[in-house]
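Engineer: coords please:
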Amino acid sequence: MHAVGVNTWVWTSPLDDAALAELAPSVAKQGFDVLELPVENLGDWDPGAAAALLADLGLAASVVLVMPPGRELVRADTATVASTQDYLRRCLDVAARVGSPALCGPAYASVGRTWRMTATERAACVRELRDNLAPVLEHARQAGVVLGVEPLNRYETSLLNTVGQTLEALDGLPSCGVALDVYHQNIEETDIPAAIRSAGGRIAHVQVCANDRGTPGRDHLDWPALLAALRDAGYGGPLCIESFTAHNNSIATAASIWRPLAESQDALAADGLAFLREVMAHS
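Structural biologist: Predicted structure coming up:
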């Protein structure tokens, strides 16, 4: 049985200390095991206070990085790359402080940035990414945190869309792995279970939701097959529900949330948790 988590984006953005103090007890009361914490901007919330709060509530933490415009590791000027590397290193420190074994997200380019590439240009981008990740991964090693690089769908990036592309880009690099998100996989992978199995031993974290980013289970996904593939791939970490509120203009626009995805955000979380526990019990 995987632990089940939920991202605070289900309810709010950006996360701050006040929102965390309100959400964490509610998430624990619903029965979640893990609370997923986005670092939209360093300093939005205090890692020490968060660690103490979650420990008191019996919740584990997972941490995700955020790549808005201006955070880039490829096809960018030196200053932008350096500031992005610094952001990632400091996020790794946040993850270590709250006890998250991984820091996950699209650690290569800002979400929504797309451009056409020849095969030669793509190979050059991958080499650039590997070079610019190197000092970040050394910091990850020192912090004892794995950097989980997340492939995104074609509308949100043109660099890493599939598990295969991500594995190839990360081949041989230490202290990193692949972060899987079934929303993106549903768009990009022709065989999701096969893609999961191909990442055996390299899966750093898994985020789940319905194919429309709503409640897990209210969709066309083959959840028993997904769980079997994760088991075959040797992944025993949490399944974290990542969805977004339609009530925050900036995050709703960024995530293309144009309609409510559930009766309420609380219902999305609670029903998703119940479904995941049920399907795991029978898988």
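Engineer: Helices of the stretch 101-250 of the chain, start to end?
Structural biologist: Using DSSP state H, counting those that start in this stretch, the helices found in the stretch 101-250 of the chain span residues 119-143, 163-170, 182-188, 192-198, 223-232, 249-254.
Engineer: can I get those in TSV with mean pLDDT and distance to Leu103?
Structural biologist: Using the backbone N, CA and C atoms, a C-beta is placed for each residue, glycine as well. Output for these, formatted as TSV (pLDDT from 0 to 100; distance: least, C-beta to C-beta, whole Å):
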stretch	mean pLDDT	distance to Leu103
helix 119-143	98	7
helix 163-170	98	14
helix 182-188	98	18
helix 192-198	98	21
helix 223-232	98	20
helix 249-254	81	20
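Engineer: Dump the ones you listed into TSV; add mean neighbour count and distance to Cys104 as well.
Structural biologist: As requested, the helices of the stretch 101-250 of the chain are exported to TSV (neighbours: other C-beta atoms under 10 Å; distance: least, C-beta to C-beta, whole Å):
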stretch	mean neighbour count	distance to Cys104
helix 119-143	16	12
helix 163-170	20	12
helix 182-188	21	12
helix 192-198	19	15
helix 223-232	17	15
helix 249-254	13	17
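Engineer: so can I have JSON lines of the ones you listed showing distance to Ala18?
Structural biologist: Shown next, in JSON lines, are those (distance: least, C-beta to C-beta, whole Å):
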{"stretch": "helix 119-143", "distance to Ala18": "27"}
{"stretch": "helix 163-170", "distance to Ala18": "36"}
{"stretch": "helix 182-188", "distance to Ala18": "28"}
{"stretch": "helix 192-198", "distance to Ala18": "37"}
{"stretch": "helix 223-232", "distance to Ala18": "35"}
{"stretch": "helix 249-254", "distance to Ala18": "17"}
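Engineer: what about the strands in the stretch 151-283 of the chain?
Structural biologist: With strands called from DSSP state E, counting those that start in this stretch, the stretch 151-283 of the chain shows them at 176-181, 203-208, 239-241.
Engineer: can you redo those as JSON lines with mean neighbour count, mean pLDDT and distance to Asp44?
Structural biologist: As requested, the strands of the stretch 151-283 of the chain are exported to JSON lines (neighbours: other C-beta atoms under 10 Å; pLDDT from 0 to 100; distance: least, C-beta to C-beta, whole Å):
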{"stretch": "strand 176-181", "mean neighbour count": "25", "mean pLDDT": "98", "distance to Asp44": "21"}
{"stretch": "strand 203-208", "mean neighbour count": "25", "mean pLDDT": "98", "distance to Asp44": "20"}
{"stretch": "strand 239-241", "mean neighbour count": "26", "mean pLDDT": "99", "distance to Asp44": "19"}
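Engineer: Adding distance to Gly70 as columns, could you present those in CSV?
Structural biologist: Output for these, formatted as CSV (distance: least, C-beta to C-beta, whole Å):
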stretch, distance to Gly70
strand 176-181, 21
strand 203-208, 24
strand 239-241, 26
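Engineer: To Met1, which of those strands lies closest?
Structural biologist: Nearest to Met1 among the strands of the stretch 151-283 of the chain is strand 239-241; the distance by C-beta to C-beta comes to 10.0 Å.
Engineer: And that closest one, how far out from the chain middle?
Structural biologist: Relative to its chain's centre, strand 239-241 lies at 9 Å (C-alpha atoms, centre = their mean, to the nearest Å).
Engineer: Please identify the residue most distant from the middle of this protein.
Structural biologist: Residue farthest from the centre of the chain, counting by C-alpha atoms, centre = their mean, is Thr120 at 28.7 Å.
Engineer: do you know how far that residue is from Asn161?
Structural biologist: Distance, Thr120 to Asn161, by C-beta to C-beta, to the nearest Å: 18 Å.
Engineer: Can you point out the buried residues in stretch 233-245?
Structural biologist: For stretch 233-245, burial by neighbour count (16 or more other C-beta atoms under 10 Å) applies to 233, 235, 237-245.
Engineer: Can you name the residues in contact with stretch 7-27?
Structural biologist: 6, 35-38, 40-41, 44-46, 49-50, 53-54, 57, 59, 64, 207, 240-245, 248, 250-251, 265-266, 268-269 (C-beta atoms under 8 Å, 6 or more residues apart in numbering).
Engineer: among these, which ones are buried?
Structural biologist: Here, 16+ other C-beta under 10 Å leaves 6, 35-38, 40, 44-45, 50, 53-54, 59, 64, 207, 240-245, 248, 251, 265, 268-269 buried among those.
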